[in-house]
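Visitor: quick one: sequence and predicted model below, then my questions.
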Amino acid sequence: MSTCASCNKKIVSDFAECFECKQKYHFECSINEVVYRKKLNSKQPWKCGSCACRRTIKASEADDTEGATTLSSVKSELLAEIKRLVKPLSESISELKRDVTDLRNFVQHVSDNYDNILTELKSFKSQLSTVTHNCEGLSRQLVEKNGEILNLSTQLNQMEQYVRNKNLIISGIPLMQNENCKDIVMKVAAQLNVVLDPDEVDVAHRLKTNKNTTPLIIAQFTRRSSRDALLAKKKLVVTNAFYPGLKISESIFLNEHLTPLNNKLLMLAKKTARVNGFKFVWFRNKVMVRKDENSPALSIDTEQDLLKKVGQSSI
């Protein structure tokens with residue numbers, strides 16, 4: 001009769017047998033009978049506690065050995081990967097060290113030459129200050145010279161205008177072949193009821209023109225008063241054909257002989273006066289303007305005068 005391997009008592013009924021060691025056990029000393037029967041029916045061998053423990057230890061030892069091998073392999077792979085990653089970093093660090101060395105050498109060079117650089121900088125600042133001072137002086141001189149040039153230009157223009165103070169410009173007379181401009185001046189004077197001796201007309205002729213317009217007649221008188229007597233009439237409205245080519249109701253205009261500068265200034269003054277509400281603009285030895293009948297006459301010598309006394313033109 002068999003005995004229980006656990007309690008050493010006799011087995012008198014059904015029992016459980018270990019698949020490994022073949023020892024027998026009471027069900028109450030080892031495994032539930034129902035569970036044991038199910039294992040047998042499913043062909044699953046049952047092992048006693050001692051056999052099951054020994055197998056677990058062997059499996060654990062095998063797993064430990066396999067784990068150690070795997071860990072060693074992983075460690076080797078990690079070391080190889082770390083070396084691969086660190087290599088370019090090491091190269092970069094080496095290059096950075098070289099750059100730092102070069103920078104240190106440069107800084108040392110600058111430090112060694114600092115005194116020379118500072119001396120040169122002070123010299124440059126001194127030269128710059130001198131140049132700036134000279135430029136300011138030249139600027140002041142330029143302003144003064146510009147003022148002098150403007151004054152001289154004004155004086156020269158006044159002199160040129162003075163030379164023309166016996167001249168008269170006549171427009172509106174048709175051009176005829178073999179005409180006598182002196183006779184034309186005398187006929188215009190007669191139409192204006194101005195008594196004029198032929199000897200008072202020193203010279204008269206047409207002015208050259210590049211445009212497709214009738215050339216103007218310029219007449220120079222021996223006396224300024226003779227010129228002024230005609231100039232005061234300003235305009236002649238034709239009432240009879242006293243000269244070939246003239247038509248009734250046409251107008252003949254008489255104007256002063258202006259310098260180019262005065263002519264330009266007069267035109268600009270007329271435009272500016274219209275913009276700024278000035279009623280009267282005329283020329284009598286110089287450009288004159290007047291706001292209205294109750295305002296004083298203002299003389300204009302330059303464009304700066306016009307801007308200051310009349311205003312800015314937007315035309």
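Guide: Received, thanks. This structure is a prediction, so every number in the text was calculated from the model and none was measured.

Visitor: can you pull out the helices in the stretch 151-300 of the chain?
Guide: Using DSSP state H, counting those that start in this stretch, the helices of the stretch 151-300 of the chain run over residues 181-191, 224-231, 260-276.

Visitor: the inter-axis angle of the shortest one versus helix 181-191?
Guide: Following axes from the mean of the first three to the mean of the last three C-alpha atoms, to 10 degrees, one obtains 60 degrees for the angle between helix 224-231 and helix 181-191.

Visitor: packing partners for helix 224-231?
Guide: The contact analysis (3 or more C-beta pairs under 8 Å, 6 or more residues apart in numbering; DSSP states H and E) places helix 224-231 against strand 167-171, strand 251-256. Glycine gets a C-beta too; all of them are placed from N, C-alpha and C.

Visitor: redo the helices of the stretch 151-300 of the chain as CSV? Include mean neighbour count.
Guide: Putting the helices of the stretch 151-300 of the chain into CSV (neighbours: other C-beta atoms under 10 Å) gives the following:
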stretch, mean neighbour count
helix 181-191, 18
helix 224-231, 17
helix 260-276, 17
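
Visitor: residue 40 is nearest to which of the ones you listed?
Guide: helix 260-276 (126.3 Å; C-beta to C-beta).

Visitor: for that closest one, which outside residues touch it?
Guide: Applying C-beta atoms under 8 Å, 6 or more residues apart in numbering, the contact partners of helix 260-276 are 153, 157, 161, 258, 278-281, 283, 286-287, 289, 300, 302-303, 306, 310-315.

Visitor: what do you get for stretch 175-183?
Guide: Identification of contacts with stretch 175-183 by C-beta under 8 Å, 6+ apart yields 198, 201, 203-206, 214-215, 217, 219, 244-245.

Visitor: what about these, which are in strands?
Guide: Among the contacts of stretch 175-183, the ones falling in strands (DSSP state E) are 201, 203-206, 217, 219.

Visitor: farthest-separated two in those residues?
Guide: For these, the maximum inter-member distance is 14.7 Å, found between 201 and 206 (C-beta to C-beta).

Visitor: circling back: out of the helices of the stretch 151-300 of the chain, which comes closest to residue 238?
Guide: helix 181-191 (8.0 Å).

Visitor: run the chain-centre distance for the host helix or strand of residue 88.
Guide: Using DSSP states H and E, the element containing residue 88 is helix 49-112. Relative to the mean C-alpha coordinate of its chain, helix 49-112 is positioned 58 Å out (C-alpha atoms, centre = their mean, to the nearest Å).

Visitor: now swap in stretch 260-280 and tell me
Guide: Stretch 260-280 sits 37 Å away from the centroid of its parent chain (C-alpha atoms, centre = their mean).

Visitor: could I get the average pLDDT for that stretch?
Guide: Averaging pLDDT along stretch 260-280 yields 93.

Visitor: check the helices and strands packed on helix 224-231 for me and report the most buried one.
Guide: When you average the neighbours per residue for each of the helices and strands packed on helix 224-231 (mean count of other C-beta atoms under 10 Å), strand 167-171 leads with a mean of 19.

Visitor: what pairs with that one, and is each one parallel or antiparallel?
Guide: Under the criterion DSSP bridges, strand 167-171 sits next to strand 217-221 (antiparallel), strand 251-256 (antiparallel) in its sheet.

Visitor: closest to residue 148 out of those strands?
Guide: Counting by C-beta to C-beta, residue 148 lies closest to strand 251-256 out of the strands paired with strand 167-171; the figure is 28.2 Å.
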